[in-house]
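K.L.:
model the structure of this input:
(one chain, ligands or ions: 2)
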Amino acid sequence: MSGVIFDLDGTLIDSAPDIHRCAALMLADEGLDPLTLPQIRSFIGNGAPVLVRRVMAAVALPDDPALHARLLARFLEHYETAVTLTRLYDGVAACLEDLAAAGRPVGLCTNKPIGPTRAVLAHFGLAQHFPTVIGGDSLPQRKPDPAPLLACLREMGCGKAVFVGDSEVDAECAARAGMDFALFTEGYRKAPVDTLPHAFAFSHHGELEGWLREYTFIS
Ligand SMILES: O=C(O)COP(=O)(O)O
Ligand SMILES: [Mg+2]
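P.N.:
Ligands and ions are numbered 1, 2, ... in the order given. Presented below is the predicted three-dimensional model:
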């Protein structure tokens, strides 16, 4: 049976408030004021090192590799266990139960580092749904490079999978991996829905399992 691979931030969880808090703590460590939640939300998608670089640019810090390394280390310390402000999108738990009941192979491919990824899956009691997890620091490459998505598919051991994500990064990654893409429209996407190539767009996870059943039956 065709599998399904999920993105995490902005697709299964609304984690922007926790990421915002971690960025604020990192900036406070430097004696700097926090950025706004919408600003931080717009910086999510390419992984922690890029997010920290975007924060540094927004507060007019120099693009210095040593400074970036120090701030990233501070950010990751805060991020490792950041779960308390994060919420699951409506219908996610039921969708994962439905996929498990249907026997569909499920994987996770996120640019979030593996530490906070494991912490958030455990926090919501979802770890058993994801035997295969590729994090943002699991491989040298990150999405939109297709390598993490293809590694996830290989590890799942099913020939084919649909990738479900929320962003430009995910749409590009799926296209470069030659995978069909389902777009969750309520995440951290900045581009209009119709500019992102997708086989399906949905705003509630209750729509996903039925669509997958029909779509993967014919493809
Ligand atoms: O950590 C990020 O920047 C984005 O994570 P995601 O790949 O789960 O959306
Ligand atoms: Mg995402």
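
K.L.:
can you name every helix or strand that the lowest-mean-pLDDT helix or strand in the chain contacts?
P.N.:
Sorting the helices and strands of the chain by mean pLDDT, DSSP states H and E puts helix 208-218 at the bottom, at a mean of 87. In this structure, helix 208-218 makes packing contacts with helix 92-101, strand 161-165, strand 180-184, strand 200-202, judged by 3 or more CB pairs under 8 Å, 6 or more residues apart in numbering; DSSP states H and E. (C-beta placed from N, C-alpha, C; glycine too.)

K.L.:
and these: which comes nearest ligand 1?
P.N.:
strand 161-165 (6.9 Å; CB to the nearest ligand atom).

K.L.:
parallel or antiparallel, which strands does that closest one pair with?
P.N.:
strand 3-6 (parallel), strand 180-184 (parallel) (DSSP bridges).

K.L.:
hmm, it touching ligand 2?
P.N.:
No: judged by CB under 5 Å from the ion, strand 161-165 and ligand 2 are separated, with a smallest distance of 5.6 Å.

K.L.:
that older thread, out of the strands paired with strand 161-165, deepest packed?
P.N.:
Comparing these by mean neighbour count (mean count of other CB atoms under 10 Å), strand 3-6 ranks first with a mean of 26.

K.L.:
so which residues make contact with it?
P.N.:
Contact with strand 3-6 is made by 12, 99, 104-109, 130, 149, 152-153, 156, 158, 160-165, 179, 208, 212, as judged by CB atoms under 8 Å, 6 or more residues apart in numbering.

K.L.:
do the same with stretch 65-74
P.N.:
For stretch 65-74, using CB under 8 Å, 6+ apart, the contacting residues are 25-26, 29-30, 48-49, 52-53, 55-56, 61.

K.L.:
tell me the buried residues in that stretch?
P.N.:
By 16 or more other CB atoms under 10 Å, the buried positions in stretch 65-74 come out as 68, 71-72, 74.

K.L.:
helices - which of those land there?
P.N.:
Of those, the ones assigned to helices by DSSP state H are 68, 71-72, 74.

K.L.:
put together a markdown table for the helices and strands packed on helix 208-218, with mean pLDDT on each row.
P.N.:
Below are the helices and strands packed on helix 208-218 laid out as a markdown table (pLDDT from 0 to 100):
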| stretch | mean pLDDT |
| --- | --- |
| helix 92-101 | 97 |
| strand 161-165 | 98 |
| strand 180-184 | 98 |
| strand 200-202 | 98 |
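
K.L.:
quick one, which of these is nearest to Ile114?
P.N.:
strand 161-165 (17.7 Å; CB to CB).

K.L.:
tell me the angle that closest one makes with helix 208-218.
P.N.:
150 degrees (axes from the mean of the first three to the mean of the last three CA atoms, to 10 degrees).

K.L.:
just how off-centre is strand 161-165 within its chain?
P.N.:
Between the centre of strand 161-165 and the centre of its host chain there is 12 Å, according to CA atoms, centre = their mean, to the nearest Å.
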